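A.B. asks: Using only what follows, build the 3D model:
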Amino acid sequence: MKHAHIRSQNVELTTPTAPQAVIIGGGPAGLAAALQLCRQNKFTCAVYELRSCPSSLSGAIGVPCNGSRLLARLGVYESLLTRGAVTNHVTMHSSQGATLGSVDITSWSESKTRYLYLRVKRKYLIEQLLEETEKEFGIDIHWGKKVASISQDDFSVQVTFVDGTRDTGDVLLGCDGIHSDVRTITPIRDLNATLTGDGLFAVAPSEEAANEVYWFFTEEVPMPETDDDRDGWEERRKLTMEHFKTKLVHGPLKDVEGDWGTFLKKLVIDSDSVKCYPIYKLPLGGTWFKGRCLLLGDAAHAMQPHAGQGLAMALEDVFLLSRLFQSLPVTSAQKSTRQIFTRFDELRRPRVEMFYKAAAEGGERRKRMPSWKLTMFEKVCLHGLWAFNMLGLNRMGMSGSQGNLIYDVESVSLWHHGR
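C.D. replies: The predicted structure is shown next:
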């Protein structure tokens, strides 16, 4: 009988190092990116935020159902439903305060996706996302970090902060966002838009109980004399807000009559907080990535807020990037990273540009117009809303471009056949 000789050997196994992402910006886009990449792609993520603590900005963010679906996948949708307001109608008012009509802008897309159009305070969204990050071992969040410089090579990217600290990762993601806010108390349940000769004045709830609302009004003002950054605009707010409230009541809202007009004027005067922020946008066609650095959300494609898609676009960026990372490994070689970022650009740019243009068109409709044009526009709204509701077009998803809201970024084909 032959005996088998068994020789034992010490075999050293090496565990692949988890890819590392450096994320600049601790707002919704940055926190969402950290959560998704950590959970789905097994990244370790370091988030660096300029502010010294979580933002206390309390403006409400509109989240259409394409964004709500992604919040659900991040695990924060249900909790946000209890803290936000669900809105599905827009009610239009004339410059004299008469109700022109109301239209359902979300029910069709909600029935297709099973997710609601949510309005929630930005600070609540940040709180819920931070709560989720605390459950993950692979996410570190650093506050009070201002970027000084970024350098990269074929193998890694390094960021240096003004305090002298540094971090190195396989990829760097730039994320940020800008929102404005106002708070007061009044019984408003839908989004209400009032036409004025100087633009559109809108009021909407920001909490489910509808005991707190925010309003916004867009007007053209000179640039701050000192600077055009947020500090400059904050100084402008301190100097002019009380004057602005008086000017708004005795100017654009002056001719809004009846109970509605009385309510709007009181709402403005009684507002305990008014903040002024510029509307930023980036020109179309900009570069979104270079080497191992990729911009997401507003950092890549800031658009006017008039399409209500800012947060949703950032979330779609995050989820598509996560899927691309799953389809190709992030290695020390530059090739796969370049492939991922190039394909990300190809897939995202057409949809982003569609909403960018829609937001720009919405912004144009909010600019000052002569009285004859305003009167014409009011008549078009009055008869158009009546016909729209009579024909049941809202049930066909034709209001609010709802066909674009049932889009699911996780169903998008990632690569051409034969890649």
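
A.B. asks: what about the helices in the protein?
C.D. replies: Counting by DSSP state H, one finds helices in the chain at the ranges 28-41, 65-74, 77-81, 107-113, 122-133, 230-250, 258-270, 298-301, 310-327, 334-364, 371-390.

A.B. asks: mind giving me a markdown table with those and columns for distance to Y48?
C.D. replies: Using the backbone N, CA and C atoms, a C-beta is placed for each residue, glycine as well. A markdown table is the format used below for those (distance: least, C-beta to C-beta, whole Å):
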| stretch | distance to Y48 |
| --- | --- |
| helix 28-41 | 9 |
| helix 65-74 | 20 |
| helix 77-81 | 25 |
| helix 107-113 | 34 |
| helix 122-133 | 13 |
| helix 230-250 | 18 |
| helix 258-270 | 38 |
| helix 298-301 | 13 |
| helix 310-327 | 17 |
| helix 334-364 | 20 |
| helix 371-390 | 46 |
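
A.B. asks: Let's have the ones you listed in CSV, adding mean pLDDT, distance to D154 and mean neighbour count.
C.D. replies: Output for the helices of the chain, formatted as CSV (pLDDT from 0 to 100; distance: least, C-beta to C-beta, whole Å; neighbours: other C-beta atoms under 10 Å):
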stretch, mean pLDDT, distance to D154, mean neighbour count
helix 28-41, 94, 21, 25
helix 65-74, 93, 32, 22
helix 77-81, 93, 40, 17
helix 107-113, 84, 42, 19
helix 122-133, 92, 30, 19
helix 230-250, 66, 36, 14
helix 258-270, 78, 57, 16
helix 298-301, 86, 23, 24
helix 310-327, 92, 18, 23
helix 334-364, 86, 4, 17
helix 371-390, 64, 56, 14
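
A.B. asks: check contacts around A18.
C.D. replies: When contacts are counted by C-beta atoms under 8 Å, 6 or more residues apart in numbering, A18 touches 42-44, 138.

A.B. asks: Are any of these buried, and if so which?
C.D. replies: 43-44, 138 (16 or more other C-beta atoms under 10 Å).

A.B. asks: And those, which is the shakiest by pLDDT?
C.D. replies: Lowest pLDDT of these: G138, 85.

A.B. asks: ok, now how distant is that one from V47?
C.D. replies: 11 Å (C-beta to C-beta, to the nearest Å).

A.B. asks: Kindly report the same for T337.
C.D. replies: 20 Å.

A.B. asks: and if you look at L100?
C.D. replies: Taking C-beta to C-beta, one finds L100 at 45 Å from V47.

A.B. asks: Restrict stretch 133-150 to CA atoms and write it as CSV.
C.D. replies: Only the C-alpha atoms of stretch 133-150 are listed here, as CSV (Å, rounded to 0.1, in the frame of the first residue of the first chain):
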residue,chain,number,x,y,z
THR,A,133,-23.7,57.3,9.1
GLU,A,134,-23.3,56.6,12.9
LYS,A,135,-24.4,53.0,12.2
GLU,A,136,-21.5,52.4,9.7
PHE,A,137,-18.0,51.6,10.8
GLY,A,138,-16.4,52.7,7.6
ILE,A,139,-17.5,56.4,7.7
ASP,A,140,-15.6,59.2,9.5
ILE,A,141,-16.9,62.7,9.5
HIS,A,142,-14.6,65.7,10.2
TRP,A,143,-15.9,69.2,10.9
GLY,A,144,-14.2,72.6,10.4
LYS,A,145,-12.1,71.4,7.5
LYS,A,146,-11.2,73.9,4.7
VAL,A,147,-9.4,72.5,1.6
ALA,A,148,-6.1,74.1,0.8
SER,A,149,-4.9,72.0,-2.1
ILE,A,150,-5.5,68.8,-4.0
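
A.B. asks: who's in contact with that stretch?
C.D. replies: Residues contacting stretch 133-150 (C-beta under 8 Å, 6+ apart): 18, 24, 26, 31, 34-35, 38-39, 42-53, 130, 157-163, 165, 172, 293.

A.B. asks: Equivalent analysis for stretch 343-362, please.
C.D. replies: Outside stretch 343-362, the residues touching it (C-beta under 8 Å, 6+ apart) are 281, 284, 288-289, 294, 300-301, 303-307, 309, 313, 316-317, 320-321, 324, 401, 404, 407, 412, 414-415.

A.B. asks: Kindly export that stretch (C-alpha atoms) in PDB.
C.D. replies: Extracted C-alpha coordinates of stretch 343-362, given in PDB (Å, rounded to 0.1, in the frame of the first residue of the first chain):
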ATOM      1  CA  ARG A 343     -19.400  56.600 -18.300                       C
ATOM      2  CA  PHE A 344     -20.900  58.500 -15.300                       C
ATOM      3  CA  ASP A 345     -20.600  61.700 -17.300                       C
ATOM      4  CA  GLU A 346     -22.200  60.200 -20.500                       C
ATOM      5  CA  LEU A 347     -25.100  58.800 -18.500                       C
ATOM      6  CA  ARG A 348     -25.900  61.700 -16.200                       C
ATOM      7  CA  ARG A 349     -25.300  64.800 -18.400                       C
ATOM      8  CA  PRO A 350     -28.400  64.500 -20.700                       C
ATOM      9  CA  ARG A 351     -30.800  64.100 -17.700                       C
ATOM     10  CA  VAL A 352     -29.100  66.900 -15.700                       C
ATOM     11  CA  GLU A 353     -29.200  69.200 -18.700                       C
ATOM     12  CA  MET A 354     -32.900  68.600 -19.200                       C
ATOM     13  CA  PHE A 355     -33.700  69.700 -15.700                       C
ATOM     14  CA  TYR A 356     -31.200  72.500 -15.800                       C
ATOM     15  CA  LYS A 357     -33.100  74.000 -18.800                       C
ATOM     16  CA  ALA A 358     -36.400  73.400 -17.200                       C
ATOM     17  CA  ALA A 359     -35.200  75.300 -14.100                       C
ATOM     18  CA  ALA A 360     -33.900  78.200 -16.200                       C
ATOM     19  CA  GLU A 361     -37.300  78.400 -18.000                       C
ATOM     20  CA  GLY A 362     -39.000  78.500 -14.600                       C
END
